[in-house]
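Colleague: Below: sequence and its predicted model.
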Amino acid sequence: MSSWKKAAKANQKTHKERHQPESRKHLGFLEKKKDYKKRADDYHEKGETLKLLRKRTLDKNPDEFYFHMVNSRVKDGVHHELEKEDEHTPEQVKLMQTQDIKYINMKRTIESRRINRLQSQLHMTEIADSTPNTHVFFVDEGEEKDFDLAQRLDTHPSLLGRKSNRPRLSDLNKITLPDISEEAMKSMNKKKEQTYKEIATRIDREKELTVVQQKMELKRHLQDKSAKIMKPKRVQRGTKVSAPVYKFQYIRKK
């Protein structure tokens, strides 16, 4: 009997939906069953969503606190997210995404050695002389007016502002200065200024690489198996110039 039913169905004529009659073509496309099904499903889905939202609104406690309240505000009836400062600069993101920690450490070491080499050439005497002197001389009462600092230090008055390379008068008499043209002096000063600018640029670069290295090392520690089990507590949020600070729980190792 069952085989007869299968044979009967196989010989049945396939049902086809009629097309839009010519007299009603001006009304547009005739909706088929599949089109109605999509429209009905969409209508019921939106109804269920509205029903769920209505239920949540009725069940909501106005005094209930949730953490997203801290990071959002409602202004003039419109909900706004509080903008947070970016933790990474575009250069830091590019380095962390394209390079590994060994490369960052190598570049930071190169910059640090180059800075030390440049500083050893200049001796940083101009920076030392820019800070005020704090040397204190003790004199007897009544001798303050007659106290001569240049005579006490046995040097020329024009050299009192120096903290380094301040020769005595006896040594100045022995020195024979070479004839240096004004153009040579300008060239030397210009070269010195360029070296100072290069040092400042490399110091900023070394600081940025140090921050990137610290962030990458911290990210690696946070991905450890022990950190996933015993989650560390964030003490300070990271910024563009400093890595975040986490407090890890002590784990005794064998």
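Modeller: Ah, there it is.

Colleague: can you pull the buried residues of stretch 99-107?
Modeller: Within stretch 99-107, the residues that count as buried by 16 or more other C-beta atoms under 10 Å are 104, 105, 107. Quick note: C-beta positions are derived from backbone N, CA and C, even for glycine.

Colleague: Pretty sure the last one sits against residue 209.
Modeller: Which is residue 107. Yes: at 5.7 Å, residue 107 counts as touching residue 209 under the criterion of C-beta atoms under 8 Å.

Colleague: one step back: mind checking which of the buried residues of stretch 99-107 are in helices?
Modeller: Counting by DSSP state H, those place 104, 105, 107 in helices.

Colleague: Please produce CSV containing those residues, extended by distance to residue 21 and pLDDT.
Modeller: CSV is the format used below for those (distance: C-beta to C-beta, whole Å; pLDDT from 0 to 100):
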residue, distance to residue 21, pLDDT
104, 74, 87
105, 79, 88
107, 77, 89
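
Colleague: Low-confidence regions, the stretch 51-200 of the chain specifically.
Modeller: Counting by pLDDT under 70, the stretch 51-200 of the chain shows low-confidence ranges at 123-133, 143-145, 158, 161-165, 172-173, 175-181.

Colleague: Tell me where it has helices.
Modeller: Secondary structure of the stretch 51-200 of the chain, counting by DSSP state H, counting those that start in this stretch: helices at 90-98, 101-122, 125-130, 149-153, 169-174, 182-222.

Colleague: Could I get those in a markdown table, plus columns for distance to residue 67?
Modeller: Formatted as a markdown table, the entries for the helices of the stretch 51-200 of the chain read as follows, by distance: least, C-beta to C-beta, whole Å:
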| stretch | distance to residue 67 |
| --- | --- |
| helix 90-98 | 26 |
| helix 101-122 | 33 |
| helix 125-130 | 48 |
| helix 149-153 | 65 |
| helix 169-174 | 72 |
| helix 182-222 | 21 |
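
Colleague: and of those helices, who's closest to residue 52?
Modeller: Minimum separation from residue 52 across those (C-beta to C-beta) falls at helix 182-222, 36.5 Å.

Colleague: Quick check: buried residues in the next helix or strand after the closest one?
Modeller: For helix 182-222, the succeeding helix or strand toward the C-terminus, using DSSP states H and E, is helix 225-229. The neighbour-count criterion (16+ other C-beta under 10 Å) identifies residue 227 as the buried residues of helix 225-229.

Colleague: Ok, stretch 44-59 next?
Modeller: Going by neighbour count (16+ other C-beta under 10 Å), nothing in stretch 44-59 comes out as buried.

Colleague: Make 803 the first number, not 1, from now on.
Modeller: With 803 as the first residue, the last one maps to stretch 846-861.
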